[in-house]
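Trainee: Quick check, what structure comes out for this input:
(chains A, B and C)
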Amino acid sequence: MDKETKLKLITACAECMIRHAEELTALDQAIGDGDHGLNMKRGFEALLADATVLSDKPLPDMLKAIGTQLVMKVGGASGPLYGTLFMALAKEIDDTPSLLSASAAFASAIEAVKARGKSELGQKTMLDVLIPVHRVWVTGGGTGLALAAQAAAEATVPMKAIRGRASFLGDRSIGHMDPGARSSQLLIETITTVLGA
Amino acid sequence: MANVGIVIVSHSAKVAEGAADMVRQMVGDEVPLAWAGGNSDGGLGTDVGHILAAIDAAWSEAGVAILVDLGGAETNSEMAIEMLDEARQKRIAICNAPIVEGAVIAATEASGGSPLDIVKQTAEELYPQ
Amino acid sequence: MTAHKASASHEETTRGSALLTNAVGLHARPSVKLTQLAKTYQAIVSVATEPTGPWIDAKSPVKIMRVKAPKGTTLYFEASGEDAVSAVAALVDLVERRFDEAEEEGHG
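Mentor: Okay, here's the model as predicted:
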């Protein structure tokens, strides 16, 4: 992957997270501790500041560095979860991924997030976007991912949280979109737009 | 051989520091000891960066036993461990024990020079699952 | 005192006892001190609150804390191994020194 595309990916993702910080915070205030927007913004601001250096690295190294930054800078519960996603992607991907090899790397990254959060599909988390998107990727050959992400994020609204702080609310978590699902959707949308998928 | 170090990870800085105080008072200072508590904004939470710093501070050639409170403390401790090099990873154990009592018991066991697996086992013996 | 080297078939056992006179008895901190001291010896050391047992591993902080012996209890020690004699002497001394605890503090 060329440097220009990598730079574009980092910049676009960071700008998107910064732009949606307030919306994510509002979602998190409804069912969590209200820090998701601010945490994500802080993490992606750090990536934006490092974007040139990061995009100079081969793809696996870049993803690993992004993961480390997100762990350290985002904090909360989502820092380690997003950090794990990127660090696990870094382990499996090469510098010139095909649609197929990237899909396999994505699958193992999803497994790593599951293990980190000790959660599964249907528990109102970011996995409820990542897993359906991966399914569409496998069956549809990499098209329609943004739409799938959007539908999946919306599908977390009626779900009841079982993991994380939202789970303390029990039934009261029903009726709100999961902030982690929303941020995952935004990232997938941005990435697919940049890559023209 | 050095004694196993103890790291206390709580969502609350006060809980972590208080538990560390109890270890120091009851067990003494033959055991490397450090704590991490609260998020980077000073609120309740745990922070991987803080945990990594605590592991560094309590590092011992004999390894480090970590005591945690609620879910996120364990998740972030696991994350911190994975970010270390492999040689160190093998010498860190998260104890499945109550944070305060576990820290005191683990430190007591560690102060006698016991290896990491025994320190972990003793802390976990307190309230068998 | 003469040190008796234990043979495989006949293990020498050293015994001793001391009265718990500190206000809170064998509470958390004295338990820690007792196990820490016991751990400094090679000998197998056991504690009991009756001369006939049941015997508890003096090097196990978890087991010692569960004894919860109050003030006025007699602690019995039994040790075997090369430094058994000094182990028992040191433990008896610790109890008699009231675990070096200041009496006005410590309820836990």
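Trainee: Residue C:14 sits in which helix or strand?
Mentor: Assigned by DSSP states H and E, residue C:14 belongs to strand C:13-19.
Trainee: hang on, residue C:46 in a strand?
Mentor: Yes - applying DSSP: H, G, I helix; E, B strand; the rest coil, one finds residue C:46 inside a strand.
Trainee: After the lowest-mean-pLDDT helix or strand in chain C, which helix or strand is next? Please name it.
Mentor: Using mean pLDDT, DSSP states H and E, helix C:61-67 stands out as the lowest-scoring helix or strand of chain C, at a mean of 89. Once the chain leaves helix C:61-67, the next helix or strand it forms, by DSSP H and E, is strand C:74-80.
Trainee: on that earlier part again, what packs against the next helix or strand after the strand holding residue C:14?
Mentor: Using DSSP H and E, the helix or strand that follows strand C:13-19 in sequence is helix C:28-39. Secondary-structure packing of helix C:28-39 (3 or more CB pairs under 8 Å, 6 or more residues apart in numbering or on different chains; DSSP states H and E): helix B:13-27, helix B:99-111, helix C:61-67, helix C:84-96. The C-beta positions use only the backbone N, C-alpha and C, and glycine is treated the same way.
Trainee: what's the angle between helix C:28-39 and strand C:74-80?
Mentor: Orientation check (axes from the mean of the first three to the mean of the last three CA atoms, to 10 degrees): helix C:28-39 against strand C:74-80 gives 20 degrees.
Trainee: pLDDT of helix C:28-39, averaged?
Mentor: In this model, helix C:28-39 has a mean pLDDT of 92.
Trainee: Near residue 53, how many other residues are there?
Mentor: You didn't pick a chain, so chain A it is. Residues near residue A:53, counting by other CB atoms under 10 Å in any protein chain shown, number 10.
Trainee: let's do chain B instead
Mentor: 15.
Trainee: secondary structure element for it?
Mentor: If you go by DSSP H and E, residue B:53 is part of helix B:48-57.
Trainee: Deepest in the core, which of the helices and strands packed on helix C:28-39 is it.
Mentor: Mean neighbours per residue, mean count of other CB atoms under 10 Å in any protein chain shown, is largest over the helices and strands packed on helix C:28-39 for helix B:99-111, with a mean of 28.
Trainee: related to what we said a few turns ago, elements contacting the strand holding residue C:14?
Mentor: Looks like strand C:13-19 contacts strand C:74-80, helix C:84-96 (3+ CB pairs under 8 Å, 6+ apart).
Trainee: Run through chain B and note the low-pLDDT ranges.
Mentor: Scanning chain B for pLDDT under 70 picks out the ranges B:129.
Trainee: what angle separates the helix or strand hosting residue B:121 from helix B:99-111?
Mentor: Using DSSP H and E, residue B:121 falls within helix B:116-125. Between helix B:116-125 and helix B:99-111, the angle comes out at 140 degrees (the same axes, to 10 degrees).
Trainee: ok, and what's touching helix B:116-125?
Mentor: B:4, B:62-65, B:67, B:91, B:93, B:95-97, B:102-103, B:105-106, B:108-110, B:114, C:60-62 (CB atoms under 8 Å, 6 or more residues apart in numbering or on different chains).
Trainee: and the closest residue to chain B within chain C, what does it touch?
Mentor: Here chain C gets closest to chain B at one residue, residue C:39, 3.0 Å apart by CB to the nearest CB. Contacts for residue C:39 were tallied using CB under 8 Å, 6+ apart; they are B:111-114, C:59.
Trainee: returning to what we had before: now for the helices and strands packed on helix C:28-39, which one comes closest to residue C:73?
Mentor: helix C:61-67 (8.7 Å; CB to CB).
Trainee: Residue 57 - how many residues pack around it?
Mentor: You didn't say which chain, so I picked chain A. Neighbours of residue A:57 using other CB under 10 Å come to 16.
Trainee: Switch to chain C, please.
Mentor: 15.
Trainee: which residues touch it?
Mentor: C:45-46, C:63-64.
Trainee: will you turn these into a markdown table that also has distance to residue A:24?
Mentor: Shown next, in a markdown table, are these (distance: CB to CB, whole Å):
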| residue | distance to residue A:24 |
| --- | --- |
| C:45 | 59 |
| C:46 | 60 |
| C:63 | 51 |
| C:64 | 51 |
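Trainee: Mind telling me the two of these farthest from one another?
Mentor: The most widely separated members of the contacts of residue C:57, counting by CB to CB, are C:45 and C:63 (11.9 Å).
Trainee: How much space separates the residue in chain A positioned nearest to chain C from chain B?
Mentor: Distances between chain A and chain C by CB to the nearest CB are smallest at residue A:118, namely 27.5 Å. Computed as CB to the nearest CB, to the nearest Å, the residue A:118 to chain B distance reads 8 Å.
Trainee: mind checking how far residue B:102 is from residue B:23?
Mentor: Per CB to CB, to the nearest Å, residue B:102 is found 10 Å from residue B:23.
Trainee: Buried residues in the worst-scoring helix or strand of chain A on mean pLDDT, which are they?
Mentor: Ranked by mean pLDDT, DSSP H and E, the weakest helix or strand in chain A is helix A:21-31, scoring a mean of 91. If you call a residue buried by 16 or more other CB atoms under 10 Å in any protein chain shown, then helix A:21-31 has these buried ones: A:21, A:23-25, A:27-28, A:30-31.
Trainee: Can you give me every residue that contacts the residue in chain A sticking out farthest from the centre?
Mentor: Distance to the chain centre peaks in chain A at residue A:171, reaching 25.1 Å (criterion: CA atoms, centre = their mean). Taking CB under 8 Å, 6+ apart as the criterion, residue A:171 is in contact with residue A:160.
Trainee: need the residues of chain B near chain A, please.
Mentor: Chain B comes close to chain A at residues B:39-40, B:43, B:45, B:47-49, B:71-72, B:75-76, B:78-79, B:82-83, as judged by CB under 8 Å from any CB of the partner chain.
Trainee: If any of the residues you listed are buried, give me the PyMOL selection for them.
Mentor: Selection of buried members from these for PyMOL, criterion 16+ other CB under 10 Å:
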select buried, chain B and resi 39+40+45+47+48+49+71+72+75+76+78+79+82+83
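Trainee: Max pairwise distance over the residues of chain B next to chain A: which two?
Mentor: By the measure CB to CB, B:43 and B:82 form the most distant pair in those, at 24.5 Å.
Trainee: what about the one residue in chain B that gets nearest to chain A, which helix or strand?
Mentor: Residue nearest to chain A within chain B (CB to the nearest CB): residue B:79, separated by 4.1 Å. Using DSSP H and E, residue B:79 sits within helix B:71-82.
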